[in-house]
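Visitor: Would you be able to build a 3D model of this:
(one chain, ligands or ions: 1)
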Amino acid sequence: MTAAADKWDAKYAGDDFFYGTEPNTFLVSAAGRLATGSRILSLGEGEGRNGVYLAGLGHDVVATDQSVVGLRKAQALARRRGVTIATVAGDLASLPIDAGAWDAIVSLWCHLPGIVRRPLHRAVAAGLAPGGLLILESYHPAQIGRGRGGPSDPDLMPTLDELRHELAGLEVLHAAELEREVSEGEGHQGLSAVVQFIARRPVGVSGP
Ligand SMILES: C[S@@+](CC[C@H](N)C(=O)[O-])C[C@H]1O[C@@H](n2cnc3c(N)ncnc32)[C@H](O)[C@@H]1O
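Guide: All right, here's what the predicted structure looks like:
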């Protein structure tokens with residue numbers, strides 16, 4: 001395991017859920033766009049609150065994270081809620097994403113260095129089935145020094161312009177840089193600078 005995975009394992013070590021057990025509210029607001037029974041890949045799932053929520057809506061969820069401790073808690077949360085999710089432990093820097101395999105990919109607060117995020121986003125765009133959706137919310141670099149939550153290195157937080165570039169080829173349905181109140185467990189609290197992005201793989205296009 002990497003030092004970064006160890007750091008997240010330590011953060012998730014207690015019985016409490018660091019970001020709570022309720023789903024991200026932006027994801028909830030976007031979930032109505034998902035087709036019934038979607039195959040959904042969740043990037044940086046953490047302790048399972050978002051994947052478990054999506055499974056509860058009847059979707060088929062594969063949740064991936066580098067933290068085995070987080071994913072163990074995700075499975076425990078799923079059992080508690082009476083739903084099933086699949087979990088895959090590993091580094092997103094080397095995650096294989098089959099082309100056209102996913103009806104949706106979700107990325108909530110999944111902060112990655114640009115050198116990892118850029119190729120991942122290319123694979124995400126190619127990994128969506130025609131009509132498939134990407135739903136992403138992340139802290140914006142303007143978050144540094146405010147609220148509670150988000151990295152301190154701006155390289156880990158894309159701007160909207162960067163997302164548009166990295167995810168070129170997708171049809172953008174919602175794109176915003178804004179401030180909003182975030183209240184998610186101990187980990188994320190307060191008025192926060194965020195970027196939101198919902199995009200769809202065009203139907204009838206075979207390449208990314
Ligand atoms: C801020 S937490 C958000 C967790 C979850 N998405 C949520 O909203 O509750 C970021 C998550 O991304 C994961 N992560 C960060 N870099 C990663 C990488 N290179 N590979 C796999 N997971 C990574 C961390 O382990 C952590 O669980």
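Visitor: name the element Asp103 belongs to?
Guide: Assigning secondary structure by DSSP states H and E places Asp103 in strand 102-108.
Visitor: what is the rounded mean pLDDT of that strand?
Guide: Taken as a whole, strand 102-108 carries a mean pLDDT of 98.
Visitor: just stretch 180-190 next, same as before
Guide: For stretch 180-190, the per-residue pLDDT values average out at 94.
Visitor: okay, how far is it across it, tip to tip?
Guide: This stretch, stretch 180-190, spans 8 Å end to end (CA to CA, to the nearest Å).
Visitor: Mind listing what's buried along that stretch?
Guide: The neighbour-count criterion (16 or more other CB atoms under 10 Å) identifies 182, 184-185, 187-188 as the buried residues of stretch 180-190. For glycine as for every other residue, the C-beta is placed from the backbone atoms N, C-alpha and C.
Visitor: cool, and stretch 111-123?
Guide: Using 16+ other CB under 10 Å as the test for burial, stretch 111-123 gives 111-112, 116-117, 120-123.
Visitor: which other helices and strands contact the strand holding Asp103?
Guide: With contacts defined as 3 or more CB pairs under 8 Å, 6 or more residues apart in numbering; DSSP states H and E, strand 102-108 has these neighbours: helix 25-30, strand 39-43, helix 49-56, helix 114-127, strand 128-139.
Visitor: what does the protein have sitting close to the ligand?
Guide: The interface of the chain toward the ligand, taken as CB under 6 Å from any ligand atom, is made up of 8, 19, 24, 44-46, 49-50, 65-67, 70, 91-93, 108-110, 112, 116.
Visitor: Buried only: go through the residues you listed for me.
Guide: Under a neighbour-count criterion of 16+ other CB under 10 Å, the subset of these counted as buried comprises 8, 19, 24, 44-46, 49-50, 65-67, 70, 92, 108-110, 112, 116.
Visitor: Off-centre distance for stretch 68-87?
Guide: Chain-centre distance of stretch 68-87: 16 Å, with CA atoms, centre = their mean, to the nearest Å.
Visitor: Name the residues that touch that stretch?
Guide: Contacting residues not belonging to stretch 68-87 are listed as 1, 5, 8-9, 12-13, 17, 21, 45-49, 51-52, 55-56, 61-65, 88-89 [CB atoms under 8 Å, 6 or more residues apart in numbering].
Visitor: Low-confidence regions, this structure specifically.
Guide: Per-residue confidence of the chain (counting by pLDDT under 70) places the weak regions at 1, 205-208.
Visitor: Show me the helices in it, by range?
Guide: Shown for the chain, the helices assigned by DSSP state H span residues 3-11, 25-30, 49-56, 68-81, 114-127, 160-166.
Visitor: residues in contact with Ser183?
Guide: Contacts for Ser183 (CB under 8 Å, 6+ apart) come out as Gln189.
Visitor: do Ala101 as well
Guide: With contact set as CB under 8 Å, 6+ apart, Ala101 has these partners: 39, 41, 127, 129.
Visitor: count of residues packed around the first one?
Guide: Going back to what we said before, that points to Arg39. Counted with other CB atoms under 10 Å, residues neighbouring Arg39 total 16.
Visitor: need the contact list for it.
Guide: In this structure, Arg39 makes contact with 59-60, 62, 101-104, judged by CB under 8 Å, 6+ apart.
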